[in-house]
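Novice: need a structure here:
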Amino acid sequence: MFWSNKVMNFFTVKNVGKPIKRKESDAGEKEKSLEDLRGSIFDDLYTSDGAKRIQQRVCGPTVALSFNFLVSVAIILTNKLILGKVGFDYPICLTFIHYMSSLVLMAIMNAVSLLPATPPTQSTPFFYFIAIGMVTSLSNGLANVSLKYNSVGFYQMAKIAVTPTIVLAEFMIFRKTVSSVKVLALSVVSIGVSVATVTDLQFHLFGFFIALAWIIPSACHKILWSNLQQRENWTALALMWRTTPITMFFLVVLMPWFDPPGVLSFDWNARNTLAIVSSGLLGVLLQFSGALALGATSATSHVVLGQFKTCVVLLGGYVLLNSNPGITSLCGAVTAIAGMTVYTYLNLLDSQQQRSQV
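Specialist: Numbering: from 1, shown residues only. Have a look, this model is predicted:
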């Protein structure tokens, strides 16, 4: 009897122990694979090359442009409401709030080691960051000043002049040429946007000169951001982290020139504060999505996306701001979209040919 019990216990323990060990082994393998995956991701974040690869895998051109499109439409309408109905007459200060929100968020990410690594500082001269910070402050700051004095339609129409400015600047600096078919498509886009916005061209004389002064900084901003990300191993977040403090400094310099005094005496009630905070959060997303789009595509493609946003912004202005586009604007919008479609198709053909050559 004693030996029979020993034999039974032996087989029972042996048979029960095997599945337990297998389960523990399977769980251990899963945990190990998750740790390896987590470790590889963090290892990539700690190198500029790895962080760049992660950004390219996660945020391709389609994702980056779609993200930037949605955020841009939302923030243009939100800022127009804040500068108009809310009565926050401080466009440069509003831009400063956007960048302050971005800096706080990136500081938190840096504290928990989630901010991507930056390339070696000697690879990019410091004056390059100063130039980016200066043109970024002028581009975004003057954009909000233009939005304050001009209608949404005129604000968008002023962007038409950015396209030939970028094409000319890239040719002069990088000897980059654009095919005649693409030039024709871009011309159709510009004509369509002009017709689409012809019924909403309310502008202030001062706002007109602001829109005129905004064109060159906007073109330089897009060229510098796109060039630095594509030629170097800079990611969108790493470049934002390096240039945001410089941009904020230049915005502080611009405030006395374009903002009236009395920002602290503004009626900071719950409704107004919530609207401005919402604009600040959208500003964070706008900067990030814009940097992603410029890194994934080109400066010209980013401007064409801006022209596509014109059609949606005009519709949003009709719904939220009581503007009436009319049949002429609708025809212009259709023409612009047709030109954008052709331009996008040509870019896709070029990218396919480049991949086939590689």
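
Novice: need the contact list for the closest residue to residue 220 other than its chain neighbours.
Specialist: Nearest non-adjacent residue to residue 220, counting by C-beta to C-beta, 6 or more residues apart in numbering: residue 135, 4.4 Å away. From N, CA and C alone the C-beta is placed, and that goes for glycine too. Neighbouring residues of residue 135 by C-beta atoms under 8 Å, 6 or more residues apart in numbering: 217, 220, 221, 224.

Novice: and the gap between residue 135 and residue 224?
Specialist: 7 Å (C-beta to C-beta, to the nearest Å).

Novice: where does the prediction get shaky in the stretch 1-150 of the chain?
Specialist: Counting by pLDDT under 70, the stretch 1-150 of the chain has low-confidence residues at 1-52, 56, 121-122.

Novice: show me where it has its helices.
Specialist: For the stretch 1-150 of the chain, the helices defined by DSSP state H, counting those that start in this stretch occupy 2-45, 48-58, 61-81, 91-111, 126-149.

Novice: tell me, how many residues neighbour the nearest residue to residue 144 once chain neighbours are set aside?
Specialist: Excluding the flanking residues, the one nearest residue 144 by C-beta to C-beta, 6+ apart is residue 91, at 3.5 Å. Residue 91 has 26 neighbours, counted by other C-beta atoms under 10 Å.

Novice: pretty sure residue 91 is touching residue 141, no?
Specialist: Yes. Applying C-beta atoms under 8 Å, one finds residue 91 in contact with residue 141, separated by 7.0 Å.

Novice: which neighbours do those two share?
Specialist: Contacts common to residue 91 and residue 141, judged by C-beta under 8 Å, 6+ apart, are residue 258.

Novice: just to revisit the earlier point, CSV for the contacts of residue 135, including neighbour count?
Specialist: Shown next, in CSV, are the contacts of residue 135 (neighbours: other C-beta atoms under 10 Å):
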residue, neighbour count
217, 20
220, 22
221, 23
224, 20
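
Novice: just the ones in helices from those, please.
Specialist: Under the assignment DSSP state H, those contribute 217, 220, 221, 224 to helices.

Novice: ok so, going back, gap between the residue nearest to residue 220 and residue 213?
Specialist: In terms of C-beta to C-beta, residue 135 sits 12 Å off from residue 213.

Novice: residue 127 too?
Specialist: Separation of residue 127 from residue 213 (C-beta to C-beta): 23 Å.

Novice: returning to that earlier point: contacting residues for the residue nearest to residue 144?
Specialist: 83, 141, 144, 145, 147, 148, 258, 259.

Novice: kindly report the same for residue 60.
Specialist: residue 296.

Novice: distance of it from residue 350?
Specialist: In terms of C-beta to C-beta, residue 60 sits 16 Å off from residue 350.

Novice: same check on residue 232?
Specialist: For residue 232 relative to residue 350 (C-beta to C-beta), the value is 22 Å.

Novice: among these two, which residue is more densely surrounded?
Specialist: Counted by other C-beta under 10 Å, residue 232 and residue 350 do not tie: residue 232 has more neighbours, with 17 against 12.

Novice: contacts only, for the nearest residue to that one once chain neighbours are set aside.
Specialist: Closest residue to residue 232 apart from its sequence neighbours, by C-beta to C-beta, 6+ apart: residue 119 at 5.8 Å. Going by C-beta under 8 Å, 6+ apart, residue 119 touches 48, 232, 233, 234, 238.

Novice: give me the nearest residue to residue 137, chain neighbours excluded.
Specialist: Counting by C-beta to C-beta, 6+ apart, residue 137 lies nearest to residue 250, which is 3.7 Å off, once chain neighbours are set aside.

Novice: I appreciate the help and will end here.
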